[in-house]
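1. Dropping a prediction and its sequence here:
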Amino acid sequence: MKRSLLVGFLVTAAFSSQAAFANADLAKAKNCMACHAVATKLVGPAYKDVAAKYAGQKDAEAKLVQKVMKGGSGVWGAVPMPANPQVSEAEAKTLVKWVLSQK
């Protein structure tokens, strides 16, 4: 029993880490990393800062999916976030879930 529990944990951890890398790759592929980084502010806020700001907000995911797709301004300063027509709604959801998981 303990061995199967350990194997299950290791498989889950492997898939989780692959998903994290896959989402970082998606962020690179969709050009998000041109303005954002995980831990430091570039043109836009660091993803860990976005996650901290929206932590515990029930509507954060839906709000941020729209922001990724349509752009916006005024939340993080004077520099607006442009719309990203190259990002589908499904991709935006994946990206936002990944961003909100940053610590």
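-> Structure received.

2. rest of the way, CA atoms for contacts and neighbours
-> OK.

3. all helices for this protein, in order.
-> Defined through DSSP state H, the helices belonging to the chain, from first to last, are 2-29, 47-54, 60-70, 89-100.

4. Can you mark which positions in the third one are buried?
-> Going back to what we said before, that points to helix 60-70. Applying a neighbour-count criterion of 16 or more other C-alpha atoms under 10 Å, the buried positions in helix 60-70 are 60-61, 64-69.

5. okay if I get those residues as CSV plus distance to residue 85 and pLDDT?
-> Written out in CSV, the entries for these read as follows (distance: C-alpha to C-alpha, whole Å; pLDDT from 0 to 100):
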residue, distance to residue 85, pLDDT
60, 20, 97
61, 18, 97
64, 15, 97
65, 12, 98
66, 11, 97
67, 11, 97
68, 9, 97
69, 6, 97
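
6. Tabulate those residues (JSON lines), appending distance to residue 77.
-> Listed next are the buried residues of helix 60-70 as JSON lines, based on distance: C-alpha to C-alpha, whole Å:
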{"residue": "60", "distance to residue 77": "19"}
{"residue": "61", "distance to residue 77": "20"}
{"residue": "64", "distance to residue 77": "16"}
{"residue": "65", "distance to residue 77": "19"}
{"residue": "66", "distance to residue 77": "18"}
{"residue": "67", "distance to residue 77": "15"}
{"residue": "68", "distance to residue 77": "16"}
{"residue": "69", "distance to residue 77": "19"}
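
7. out of those, who's nearest residue 43?
-> Distance to residue 43 across those (C-alpha to C-alpha) is lowest for residue 68, with 14.8 Å.
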